[in-house]
Structures are given as C-alpha cells and as structure tokens.
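Peer 1: Below is the sequence, then the predicted model.
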Amino acid sequence: MQLPVVSDTSSPAPSMRATGNDPNARGRYAVISLGCPKNLVDTEQMLGRLDEDGYNMVGSVDEADFVVVNTCGFIDSAREESLEAIDEMLALKREGKIRNVIVTGCLAERQQGKLLEARPEIDAMIGVFGRNEIVSVIDRLQSGIEEQQRVFRPAPIKPLSDAVRSAVTPRHFAYLKISEGCDRLCTFCAIPKMRGKHYSKPIEQVVDEAKRLGDSGVREIVVVAQDTTYYGKDLYGQPRLTELLTELDKIESVDWIRLMYFYPMYIDDALIDTLAGATRILPYIDMPLQHASDTMLRRMSRKTTRAIQEEMLGKFRSRIKDVVMRTTMIAGFPGETDDDFAELCDFVTKQRFEHLGVFTYSVEEDTPAAKLPNRVPKQVADRRQGELMAIQQQIAFDWTQSRVGTIDDVLIDAPLPDEEGVWIGRTRGEAPDIDGIVYVSGAGKKQKIRVGDMVRCEIVAADGYDLVAASLDD
C-alpha cells in the first residue's frame with residue numbers, strides 16, 4: 001500500500017535519508033503527512049531525527065514496522081481525513097501488517113484524550129510541541145517496552161530548530177518556517193489552542209536554515225508561519241519581517257523566495273519597498289483576508305476593515321511590479337446576511353485576485369464563533385461558496401488567458417506521467433500544491449529538461465487555471 005507522503009521523485013541527497021534496504025537500520029517506518037506546509041516542516045524535522053537515529057523510511061506500509069501519522073485538526077474536512085488515515089493504519093495493525101501506529105500533530109494536540117479513548121490501539125500520541133520526543137518514544141516501542149505514558153504533549157515552547165530534517169518535497173523546493181503559534185484571536189480559528197502563542201525564530205537562525213537549504217540544492221524557499229507579518233514582535237519588541245527578508249534576499253544559492261500567510265496588519269511602506277526592490281523575493285503574496293464586509297470582519301475579530309484592505313492592496317498593486325495576490329475567504333460565517341455576502345462578491349470582483357480559495361464556515365469547538373447566534377444554514381453557505389468561486393473562476397481564467405504570448409521562467413517540478421517530453425512546472429505566479437501548473441514541452445537540442453531546472457519558456461496557451469508553455473532553451 002502506497003502512502004500520500006513518503007518520498008519524492010527527484011532523489012534527495014543520500015545524506016538526507018537512509019535507503020529502503022539498509023541492513024543496519026534499527027527499524028523501518030512509513031509516514032503520512034497531512035495538513036498545511038507548517039505541518040509538513042514538522043514532519044520533515046521528525047523524519048530527520050529518526051533517520052539520524054538509524055531508522056529507515058520506506059515507501060510502503062507493506063515494508064514498514066511502524067507508521068507515523070502527522071495529523072491536521074484545522075477544520076472538519078481535515079479532521080475527517082486525519083481520522084480516516086489513522087483508522088486505516090489501525091486496521092493494518094490489527095491484521096498484523098504493521099507493529100505500531102504513532103499519531104502526531106495538531107489533532108493529537110487538540111483531541112488527545114478523546115482520540116485515545118475512541119482509538120485505544122494507538123500506541124503513542126505526540127503533540128505539536130513534543131516532536132523532539134519522537135525518537136525516544138519509538139525506541140521504547142521498538143524495544144518492546146510497555147509504554148505507561150502514551151500522550152506526549154509538553155507545554156508550548158519557543159520554536160524548535162528545523163535544521164535537522166529529511167525532505168519529503170522534491171529537493172528543489174522547501175518550506176521554511178520562521179515562527180510558531182499565533183497571537184491573533186480570530187473568532188473562527190482554533191490554531192492558537194493547538195500551536196500556542198506566537199514565537200519567532202531569531203533572524204540568524206532563520207537565515208542559517210535558509211542557507212542550509214540553498215546549499216543542499218533547494219532553488220525555491222517558501223516562507224511560512226501562522227502569521228508572517230507579525231514575525232519578530234515577541235523577540236525584538238516590533239515586527240522585523242523587513243529586516244529578515246533583507247537578509248534572506250542576500251542568499252545567492254537560492255533563486256526564489258516565496259511569501260505565504262501574510263496577516264493584513266503590520267504591513268508598512270518599508271516592507272512594501274523591500275518586496276518591490278528584492279532580487280530573489282518573488283512578487284507573490286499570500287494574504288488570507290477572510291471577508292470584506294466590515295460587519296463580518298468585526299465578528300471575526302480581524303482588526304481591519306474593507307477600506308484598509310483596499311488601500312493596502314492598492315499599494316501592493318501600484319508599487320510591486322507584476323505582483324500576484326492570493327487570498328482566502330469564508331462563506332457562511334454566523335450572521336452573514338445577503339448584503340454581507342453581496343459586499344464580499346463586489347470586493348472580489350473589483351480586486352481581481354489572481355488566486356483565491358473559498359472555505360465554507362466550519363464550526364470549531366472551543367472558539368468564540370461557535371457560540372455566535374444566527375448560524376447560516378449549510379445549504380445557503382454551500383451555495384454562497386459556489387457563487388463566489390464562480391466569480392473567481394472567470395477572473396482566474398481571464399488572467400491565465402492574458403499571459404498567453406508572454407515569456408517567463410518555469411521551475412520544473414516533475415515529468416507529466418505517461419507523456420514523454422512533457423513536464424509540469426510553475427512560474428513565479430504559482431505556489432506549489434495550491435495554485436495552477438504549467439505544462440512544458442519542446443525541450444531544445446542543447447538541453448534536456450530535468451526536475452529542478454529553471455527553463456525559459458513562452459506561454460503558448462491557457463487551459464483553465466493552468467498554462468501550456470514551450471521551452472525556448474534551443
């Protein structure tokens with residue numbers, strides 16, 4: 001049985017991961033990593049520790065002694081996916097195909113007692129801040145020691161180093177986590193309950209981790225955090241994202257630096273000027289705005305208004321050449337009226353975001369929004385989600401069509417299965433896994449395209465959210 005995240009197709013450097021048939025391995029394991037890129041960094045950090053301790057990651061549970069399931073607990077659909085993965089692994093354990101199931105991540109942090117009561121066959125649960133316990137926990141399990149303590153959930157601590165990690169992304173791009181936790185009190189969000197208060201890594205530590213990634217062959221670094229613009233407030237008394245980006249932009253071994261999870265606060269002229277003048281930082285900004293109605297923004301406790309958001313977006317558009325904006329919105333938040341939703345649709349229509357996702361509101365226990373009156377019926381929320389996505393679809397299709405005939409660099413991610421000579425890649429305008437892709441064909445005689453190459457291309461066609469390009473490297 002193959003797993004969702006076990007290895008990559010681009011053959012990471014041997015120093016980063018043990019081989020699948022290492023006779024000296026202490027034990028063989030497989031991993032399922034679910035959820036956001038921040039969770040993926042945690043997965044890679046745990047795998048790095050296991051590899052260093054002599055364990056051997058394999059690509060199939062059929063070869064594994066134990067399985068690590070790193071879970072997401074953000075919204076209903078994510079929790080359901082995590083529970084399905086856990087249940088599937090527990091079924092294999094009952095059949096004697098694997099020995100142990102270890103559950104880690106946000107769901108283990110948020111629902112440890114409830115989860116263990118419902119699924120007592122779980123061998124160990126390691127919360128978000130217990131990831132350094134992974135080796136000692138598995139050492140005991142593999143030694144057959146009866147584990148009295150099955151839940152490892154230490155109190156939130158300052159960010160752990162991610163320097164030791166085994167990549168599960170292709171070797172040419174990687175996520176770089178600059179902080180942990182969140183001090184925002186958005187009424188719909190349970191992340192502070194799972195990942196604690198905001199803690200920043202020191203600038204020197206982040207830069208060192210970025211240099212390590214660049215030296216290992218990473219061409220694109222994707223900067224992630226729960227709240228990127230708040231970076232440094234806890235350490236330095238004021239946000240220091242501008243200073244951090246200035247230092248990251250100097251790293252010559254990296255081609256692209258992409259920014260994710262901008263909260264619409266602490267964005268000033270100095271930060272915008274830094275983005276506009278950067279060499280390696282891409283003109284791509286992911287900024288989850290969630291809504292545009294002032295009433296809804298207040299009920300969400302977003303500390304902003306439509307006017308503030310419009311002013312900020314105007315600055316990005318006017319001062320950063322060819323900037324690409326990604327955002328997310330929530331449809332059906334408690335109390336959302338037809339007028340509120342109409343205002344949201346008007347905002348999206350006028351702002352013309354290149355990338356936009358829409359979530360239907362999900363009730364999160366132990367959040368203020370769960371207690372709000374005037375719930376929007378599910379069928380109404382679903383209909384609104386579909387209507388907003390229909391508006392965005394046309395905007396996105398218009399944007400991809402407008403790019404036909406332009407020339408751009410494409411970073412090659414993978415060959416297209418069953419199509420010889422066709423590759424899948426991304427331009428500066430597409431983040432990995434969440435945006436559209438670029439199909440590249442026509443490799444020139446002087447160069448054979450490989451995963452991780454940066455290929456100069458002409459965009460020759462648009463296919464919905466995706467693009468078709470022809471290589472110019474002839």
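Peer 2: On my side now, so go ahead. Numbering: from 1, shown residues only.

Peer 1: by contact count, what packs against whichever strand or helix holds Ser318?
Peer 2: Applying DSSP states H and E as the criterion places Ser318 in helix 306-319. If you count contacts as 3 or more Cβ pairs under 8 Å, 6 or more residues apart in numbering; DSSP states H and E, helix 306-319 packs onto helix 269-277, strand 324-331, helix 338-351. Just so you know, the C-beta spots here come from the backbone N, C-alpha and C atoms, and that holds for glycine as well.

Peer 1: hmm, who's touching that helix?
Peer 2: Helix 306-319 is contacted by residues 264, 267, 269, 272-273, 276, 285, 289, 292-294, 297, 323, 325, 343, 347, 351 when judged by Cβ atoms under 8 Å, 6 or more residues apart in numbering.

Peer 1: If I take it and strand 324-331, what angle do their directions form?
Peer 2: 160 degrees (axes from the mean of the first three to the mean of the last three Cα atoms, to 10 degrees).

Peer 1: For helix 306-319, buried residues please.
Peer 2: Residues 306, 308-309, 312-313, 315-316 are the ones in helix 306-319 that count as buried (16 or more other Cβ atoms under 10 Å).

Peer 1: swap in stretch 336-347?
Peer 2: Neighbour counts over stretch 336-347 (16+ other Cβ under 10 Å) mark 336, 340-341, 343-345, 347 as buried.

Peer 1: Closest to Met389 out of those residues?
Peer 2: Ranked by distance to Met389 (Cβ to Cβ), those are led by Cys345 at 10.9 Å.

Peer 1: pLDDT value on the closest one, please?
Peer 2: pLDDT, the model's per-residue confidence, is 98 for Cys345.

Peer 1: returning to what we had before: format the buried residues of helix 306-319 as JSON lines; extra columns: distance to Gly105 and pLDDT.
Peer 2: Formatted as JSON lines, the buried residues of helix 306-319 follow (distance: Cβ to Cβ, whole Å; pLDDT from 0 to 100):
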{"residue": "Arg306", "distance to Gly105": "35", "pLDDT": "97"}
{"residue": "Ile308", "distance to Gly105": "34", "pLDDT": "96"}
{"residue": "Gln309", "distance to Gly105": "32", "pLDDT": "96"}
{"residue": "Met312", "distance to Gly105": "33", "pLDDT": "96"}
{"residue": "Leu313", "distance to Gly105": "33", "pLDDT": "97"}
{"residue": "Lys315", "distance to Gly105": "37", "pLDDT": "96"}
{"residue": "Phe316", "distance to Gly105": "33", "pLDDT": "97"}
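
Peer 1: so who does the residue nearest to Pro368 when sequence neighbours are not counted touch?
Peer 2: For Pro368, the nearest residue in space outside its immediate sequence neighbours is Thr187; the separation is 4.0 Å by Cβ to Cβ, 6 or more residues apart in numbering. Under the criterion of Cβ under 8 Å, 6+ apart, the contact list for Thr187 reads 299-301, 367-369, 372.

Peer 1: same check, this time on Phe188
Peer 2: Taking Cβ under 8 Å, 6+ apart as the contact definition, Phe188 lies against 290, 300, 330, 333, 361, 364, 367, 369.

Peer 1: Give me the ChimeraX select line for the contacts of helix 306-319, limited to the buried ones.
Peer 2: In ChimeraX, a selection of the buried entries from the contacts of helix 306-319 looks like this (16+ other Cβ under 10 Å):
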select :264,267,272,276,285,289,292,293,294,297,323,325,343,347,351
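
Peer 1: Reformat the helices and strands packed on helix 306-319 as JSON lines; add distance to Thr169.
Peer 2: Written out in JSON lines, the entries for the helices and strands packed on helix 306-319 read as follows (distance: least, Cβ to Cβ, whole Å):
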{"stretch": "helix 269-277", "distance to Thr169": "24"}
{"stretch": "strand 324-331", "distance to Thr169": "19"}
{"stretch": "helix 338-351", "distance to Thr169": "31"}
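
Peer 1: Cys182: which of the ones you listed is closest?
Peer 2: The closest of the helices and strands packed on helix 306-319 to Cys182 is strand 324-331. By Cβ to Cβ, the value is 15.5 Å.

Peer 1: Need the residues that contact the closest one.
Peer 2: Defining contact as Cβ under 8 Å, 6+ apart, one finds that strand 324-331 is touched by 188, 283-292, 300, 313, 316-317, 341, 344, 348, 351, 353-361, 381, 384-385, 388, 428-429, 431, 434-435.

Peer 1: if we go to 7 Å?
Peer 2: Counting by Cβ atoms under 7 Å, 6 or more residues apart in numbering, the neighbours of strand 324-331 from elsewhere in the structure are 188, 283-291, 313, 316, 344, 353-361, 381, 384-385, 388, 429.

Peer 1: Cross those against helices and list the overlap.
Peer 2: Among these, the residues falling in helices (DSSP state H) are 313, 316, 344, 381, 384-385, 388.

Peer 1: from those, which two are the most distant?
Peer 2: With Cβ to Cβ as the measure, no two of the ones in helices among the contacts of strand 324-331 lie farther apart than Phe316 and Ala381, at 29.4 Å.

Peer 1: separation between Ala431 and Leu115?
Peer 2: Spatial separation of Ala431 from Leu115 under the definition Cβ to Cβ, to the nearest Å is 31 Å.

Peer 1: same thing with Arg280?
Peer 2: Distance, Arg280 to Leu115, by Cβ to Cβ: 42 Å.

Peer 1: Now for Asp234, how many residues are close by?
Peer 2: Neighbour count of Asp234, defined by other Cβ atoms under 10 Å: 16.

Peer 1: State the three-state secondary structure for Val67.
Peer 2: At Val67 the chain is in strand, as set by DSSP: H, G, I helix; E, B strand; the rest coil.

Peer 1: close enough to count as contact, it and Thr104?
Peer 2: No. Contact criterion Cβ atoms under 7 Å: Val67 and Thr104 do not qualify, at 10.9 Å.

Peer 1: strands paired with the helix or strand hosting Leu467, and their directions?
Peer 2: For Leu467, the element it lies in under DSSP H and E is strand 466-471. In the sheet containing strand 466-471, its partner strands are strand 438-441 (parallel), strand 454-463 (antiparallel), by DSSP bridges.

Peer 1: what's the closest of these to Thr406?
Peer 2: Nearest to Thr406, of all those, is strand 454-463, at 5.2 Å by Cβ to Cβ.

Peer 1: Show residues contacting the closest one.
Peer 2: Outside of strand 454-463, the residues within contact range by Cβ under 7 Å, 6+ apart are 219, 255, 400-401, 403-412, 425, 440, 449, 467-473.

Peer 1: which among those end up buried?
Peer 2: Buried residues within the contacts of strand 454-463, defined by neighbour count using 16+ other Cβ under 10 Å: 219, 255, 400, 403, 408, 410-412, 425, 440, 449, 467-471, 473.

Peer 1: Would you mind measuring from Arg428 to Pro373?
Peer 2: 44 Å.

Peer 1: Looking at the two, which is more packed in?
Peer 2: Taking neighbours as other Cβ under 10 Å, Arg428 and Pro373 compare with Arg428 leading, 18 against 6.

Peer 1: surely that one meets Leu282?
Peer 2: Yes. Applying Cβ under 7 Å, one finds Arg428 in contact with Leu282, separated by 4.7 Å.
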